[in-house]
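Peer 1: what follows is a predicted structure for the sequence shown.
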Amino acid sequence: MKKGIHPEYHKIEVALPNGETVEMFSSVKKNIALTMYPGNHPAWTGQRSNAGERGRRTESFKKKYAGFGF
């Protein structure tokens, strides 16, 4: 790795909406306050909220490209 081209990382505090604070490292020197809680947000938990669409996307794909032999 080349020296002098990478940012310096500093310890910051991240304030969660439930009042909890977490220490992390960031290239930004200021503390961060989150507006959504990552413990139950689908972006961090991997859960999907579109369970009602399950299977519909496959059906519409097959219908759209039926002439190609899918």
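Peer 2: Nice, thanks for sending it over.

Peer 1: ok, now which ones touch residue 16?
Peer 2: Each residue near residue 16 by C-beta atoms under 8 Å, 6 or more residues apart in numbering is listed here: 22, 34, 37-38. For every residue, glycine as well, the C-beta is placed using N, CA and C.

Peer 1: now the residue nearest to residue 34 when sequence neighbours are not counted: how far from residue 3?
Peer 2: Closest residue to residue 34 apart from its sequence neighbours, by C-beta to C-beta, 6 or more residues apart in numbering: residue 16 at 5.6 Å. Separation of residue 16 from residue 3 (C-beta to C-beta, to the nearest Å) stands at 36 Å.

Peer 1: what about the nearest residue to residue 24 once chain neighbours are set aside, neighbour count?
Peer 2: Nearest residue to residue 24, sequence neighbours excluded (C-beta to C-beta, 6+ apart): residue 14, at 5.5 Å. By other C-beta atoms under 10 Å, the residues close to residue 14 number 15.

Peer 1: cool, thanks, signing off.
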